[in-house]
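1. structure here, sequence nowhere to be found:
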């Protein structure tokens, strides 16, 4: 539905929301449940609703073909058969996903199961089990969220200058005193973050996109790209407050414009409530071992950018690359970059839709993708050739394991179940994947960059899942 919100003093911003003004309710289910989602579109434009991370058939996946027209209700039976995890839902309408998500159409989808119940993890929602939805936004002169498919945003992605956490600016969470569990979703259109805690204390990653890890992974900095989720545990038994902070990111000069050129507090946590009962286990979930001998690569996916030279020239001429090398923020360069981001004319639609692609061509509704075998162990290779841009690559209909990242074993916090594989700087990832659910040519799965401006400018392809592999 349409609505509006006051994110800043003295103004209202037009928004979209599920069952409310902005974002949507947390949908919580258990493994083995068979809920039916009924999605009614009260907007004046088409939407779809994708269940990001759910392993379900293509006909209910909510991709670009599952259109819900204004006034219509889509009925989606969802059979839940996967481990406990923090997933999410959002529109997937091509080429308008970026703007629909930007206006507020997103929400968390949480799965519980017996294995996670028995671990004694913090589980009191809003008390010691806290959702953290990260989104960056920029406003236009009218107070609406800025959005434009211009040469900068089509190449770099959405560059906000204001942070929203759970739809609020600088929120404060009063929590239990004890172990605190943060379920973090990077719901931004394109921005990635380096998360840390303000007092430099360590935290412990216990889950990635598709569920719990085998053991907690102790870290002080956590990179998280668009679409990814991580659950972390913070030892707040001393009752001392702390901030979740975003540190300046590497390799992406446009994403280090103020206020992201310095450590930026995102949310404050005050563990001054009653003592919590949740604990930190030594071990978490049982994850099947990878085969000693993996199958050969059966599918390559190359993320490609066809019109980024124009953006690179504009940013170079503005002095961004030199500013990045210097490590110092130059207000004159920042002003030029903000002008490029906010005031460059939007690209013609045809130019937008052919700006990016996968395997040599932009997404097209009229060209069939490829076919993957049902219930078959596969290895896919994801790359970007000479491109240096960050591409968080999301695959529908599965949870996979990253077997190598830039030809090395993945870091421990990425060794569990994933549905987003980030690559950058000419990077590569190989994944071990299996598709238990079918997807027809009329209701296919998608694979795409979760930089939503990249997705909406062609960096997406489709695939069907029909028959098991022969032999």
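-> That came through fine. Since the model is a prediction, treat every value here as computed from it, not as a measurement.
2. my guess is residue 418 contacts residue 395. True?
-> No - checked against Cβ atoms under 8 Å, the pair residue 418 and residue 395 is beyond contact range at 9.2 Å. Using the backbone N, CA and C atoms, a C-beta is placed for each residue, glycine as well.
3. those two: who's more crowded?
-> Just comparing residue 418 and residue 395: by other Cβ atoms under 10 Å the higher neighbour count belongs to residue 418, 26 against 23.
4. how about the more buried one: what's its closest non-neighbour residue?
-> residue 209 (4.7 Å; Cβ to Cβ, 6 or more residues apart in numbering).
5. what's the answer for residue 405, then?
-> residue 429 (5.2 Å).
6. could you pull out the helices for the chain?
-> Assigned by DSSP state H, the chain shows helices spanning 97-102, 114-117, 151-156, 308-317, 320-326, 331-343, 349-353, 452-455.
7. beta partners for residue 15?
-> Beta-bridge partners of residue 15, counted by DSSP bridges, are residue 3.
8. list the contacts for it?
-> Contact analysis of residue 15 by Cβ atoms under 8 Å, 6 or more residues apart in numbering lists 2-5, 21-22, 103-104.
9. also residue 20?
-> residue 3.
10. quick check: it vs residue 433, distance?
-> 35 Å (Cβ to Cβ, to the nearest Å).
11. just residue 384 next, same as before
-> Separation of residue 384 from residue 433 (Cβ to Cβ) stands at 19 Å.
12. what's around the residue nearest to residue 418, how many residues?
-> Residue 209, neighbours per other Cβ under 10 Å, totals 25.
13. pretty sure it is touching residue 225, no?
-> No - applying Cβ under 8 Å as the test, residue 209 and residue 225 come out as separate, 10.7 Å apart.
14. joint contacts of these two?
-> With Cβ under 8 Å, 6+ apart, residue 209 and residue 225 have common neighbours residue 420.
15. shouldn't residue 337 be in contact with residue 256?
-> No - taking contacts as Cβ under 8 Å, residue 337 lies outside contact range of residue 256: 10.3 Å.
16. which one's more surrounded, the two?
-> residue 337 (23 against 18).
17. quick one: residues contacting the more buried one.
-> So residue 337 contacts 254, 257, 315, 318, 320 (Cβ under 8 Å, 6+ apart).
18. out of the residues you listed, grab the one that's most surrounded.
-> In the contacts of residue 337, the most neighbours by other Cβ under 10 Å go to residue 315, 24 neighbours.
19. re the thing from before, tell me the most buried of the helices of the chain?
-> Ranked by mean neighbour count, the helices of the chain are led by helix 452-455 with a mean of 30 (mean count of other Cβ atoms under 10 Å).
20. on that earlier part again, where do the contact lists of residue 418 and residue 395 overlap?
-> With Cβ under 8 Å, 6+ apart, residue 418 and residue 395 have common neighbours residue 431.
21. need the contact list for residue 64.
-> Going by Cβ under 8 Å, 6+ apart, residue 64 touches 48, 92-94, 365, 446.
22. of the helices of the chain, which is nearest residue 423?
-> Set against residue 423 and scored by Cβ to Cβ, those come closest in helix 452-455, at 12.3 Å.
23. which neighbouring elements make contact with that closest one?
-> In terms of contacts (3 or more Cβ pairs under 8 Å, 6 or more residues apart in numbering; DSSP states H and E), helix 452-455 is packed against helix 97-102, helix 151-156, strand 445-449.
24. what residues are up against residue 245?
-> Contacts for residue 245 (Cβ under 8 Å, 6+ apart) come out as 195-198, 263-266.
25. bridged to it, which residues?
-> residue 196, residue 265.
26. for the protein, give me the ranges with low pLDDT.
-> Under the criterion pLDDT under 70, the flagged ranges of the chain are 471.
27. center of it - which residue?
-> residue 227 (0.7 Å; Cα atoms, centre = their mean).
28. and that one, how far is that from residue 106?
-> From residue 227 to residue 106 the distance is 10 Å (Cβ to Cβ).
29. which non-adjacent residue is nearest residue 34?
-> Among residues not flanking residue 34 along the chain, residue 79 sits closest, at 5.1 Å (Cβ to Cβ, 6+ apart).
30. which residues touch residue 241?
-> 268-272.
31. returning to what we had before: from the contacts of residue 245, which single one is nearest residue 459?
-> Distance to residue 459, by Cβ to Cβ, is smallest for residue 195 among the contacts of residue 245, at 25.3 Å.
32. hang on, the closest one packs against residue 244?
-> Yes - in this structure, residue 195 is within contact of residue 244 by Cβ under 8 Å, at 6.3 Å.
33. of those two, which one has the most company?
-> Using other Cβ under 10 Å as the criterion, residue 195 and residue 244 rank with residue 244 on top: 26 against 23.
34. how much space separates that one from residue 281?
-> When residue 244 is compared with residue 281 (using Cβ to Cβ), they lie 23 Å apart.
35. just to revisit the earlier point, pretty sure the residue nearest to the centre of the chain sits against residue 394.
-> Yes - at 5.4 Å, residue 227 and residue 394 qualify as touching, with contact defined as Cβ under 8 Å.
36. intersection of neighbour lists for these two?
-> Jointly contacting residue 227 and residue 394 under the rule Cβ under 8 Å, 6+ apart are 52, 419-420, 450.
37. check contacts around residue 46.
-> Contacts of residue 46 by Cβ under 8 Å, 6+ apart are 67-70, 93.
38. turn these into CSV, columns for neighbour count and distance to residue 12.
-> Converted to CSV, the contacts of residue 46 look like this (neighbours: other Cβ atoms under 10 Å; distance: Cβ to Cβ, whole Å):
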residue, neighbour count, distance to residue 12
67, 16, 30
68, 20, 27
69, 11, 28
70, 11, 23
93, 24, 25
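39. export those residues to a markdown table and tack on distance to residue 169?
-> Shown next, in a markdown table, are those (distance: Cβ to Cβ, whole Å):
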| residue | distance to residue 169 |
| --- | --- |
| 67 | 34 |
| 68 | 31 |
| 69 | 34 |
| 70 | 31 |
| 93 | 28 |
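40. closest to residue 303 among those residues?
-> residue 93 (21.0 Å).
41. just the buried residues out of the contacts of residue 64, in ChimeraX syntax.
-> Selection of buried members from those for ChimeraX, criterion 16 or more other Cβ atoms under 10 Å:
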select :48,92,93,94,446
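42. out of the contacts of residue 64, which are inside strands?
-> Counted as lying in strands by DSSP state E, out of these, are residue 446.
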